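Undergrad: Predicted structure and sequence below. I'll ask about it afterward.
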Amino acid sequence: MKKLIIILSLCLCFNAIAQENVEPGWKSKLRDVITQVAGVDWSNKLLGSAPVAEASPIAMPEIPVQLKSTTDVTSYTKKIKEPTEFDKLPKERQRQFDYKFIEELFLVTRKTDAKDEDLANWLNTLDQGGSREGIYQALVLDEVYNGLESIPEKPTEQLLDFSLHFSEVFLNQTFNKESLNQLNLYSIKRILTEKGLDLIEYYEVKDLDMFYRWYANFSADLAKKHGVHLKSQVRSEPSAAYHYEWAKSMPVQHIKSEYIIKLHAVMNGQQLF
């Protein structure tokens, strides 16, 4: 009964929105919410079958099954990217973006606001040349996050299904659903995010354009299927071409931080239903 009330309320809201000629993106977001609350069948009954997604104009790069080999002695020198427009911003303006990143990172990883001292300390780390990826690694490997991973909370079916889809499509790996079911949200987030960062490191050495194309398809897939959990217009943009051009224009660390934040945000959302 509770689910039915929620669905009917959503439909009434959607009808009101539709009368104001809001773009079809709203229907996609509504479909996502109904699917997570009541399942695909209810979503199709109320909104009709989901349209078949068009092929991405940005070709997915090769995703190797095995990223690192102990016998591989080739150079691991990463490709150097030319300075971007962000790099040319005044230092104080860059610090504002870094501050916002740290705020978001705490929120999506730990689902809590960062303390003032945390913000100051990590901002100082970035000022001294630290990386956004390094801050993420520090946060998910400390005692606080270890405690979160110990919470006895089973992952939802939606979270498990999302994790399997992400790992198969974007990591070229197949996980055992029963094994994932033994972990909680925080463990699954850390494991999948780190595997994605390993793949990104591979692209950093091989070809940055492969990284941009992988990121573009990843971002478009999230936006189309889980845009309701992405809070900004840029992140909820469903165009792979848009995300590809954005990635080309930004520092590598910023692309990585967007990957981290978006993946954690969507996985947090999957655990709610």
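TA: Received, thanks. Note that the structure is predicted; figures quoted are calculated from it, not measured.

Undergrad: What are the buried residues along the helix or strand hosting residue 216?
TA: Assigned by DSSP states H and E, residue 216 belongs to helix 208-226. Neighbour counts over helix 208-226 (16 or more other C-beta atoms under 10 Å) mark 208, 210-226 as buried. Yep, even glycine has a C-beta here, placed from its N, CA and C like the rest.

Undergrad: do the same with stretch 107-121
TA: Buried residues in stretch 107-121 (16+ other C-beta under 10 Å): 107-110, 114, 119.

Undergrad: can you give me the end-to-end distance of it?
TA: 16 Å (C-alpha to C-alpha, to the nearest Å).

Undergrad: chain center to that stretch, what's the gap?
TA: 19 Å (C-alpha atoms, centre = their mean, to the nearest Å).

Undergrad: Can you list the neighbours in contact with it?
TA: 99, 102-103, 105-106, 122, 136, 139-140, 144-145, 148, 189, 260-261, 264-265, 268 (C-beta atoms under 8 Å, 6 or more residues apart in numbering).

Undergrad: Show me those that map onto helices.
TA: Counting by DSSP state H, the contacts of stretch 107-121 place 99, 102-103, 105-106, 122, 136, 139-140, 144-145, 148, 189, 260-261, 264-265, 268 in helices.

Undergrad: Looking only at the helix or strand just after the helix holding residue 216, what residues are buried by neighbour count?
TA: Next helix or strand after helix 208-226 toward the C-terminus (DSSP H and E): helix 240-249. Using 16+ other C-beta under 10 Å as the test for burial, helix 240-249 gives 240, 242-244, 246-248.

Undergrad: what two of those have the greatest distance between them?
TA: 240 and 248 (12.7 Å; C-beta to C-beta).
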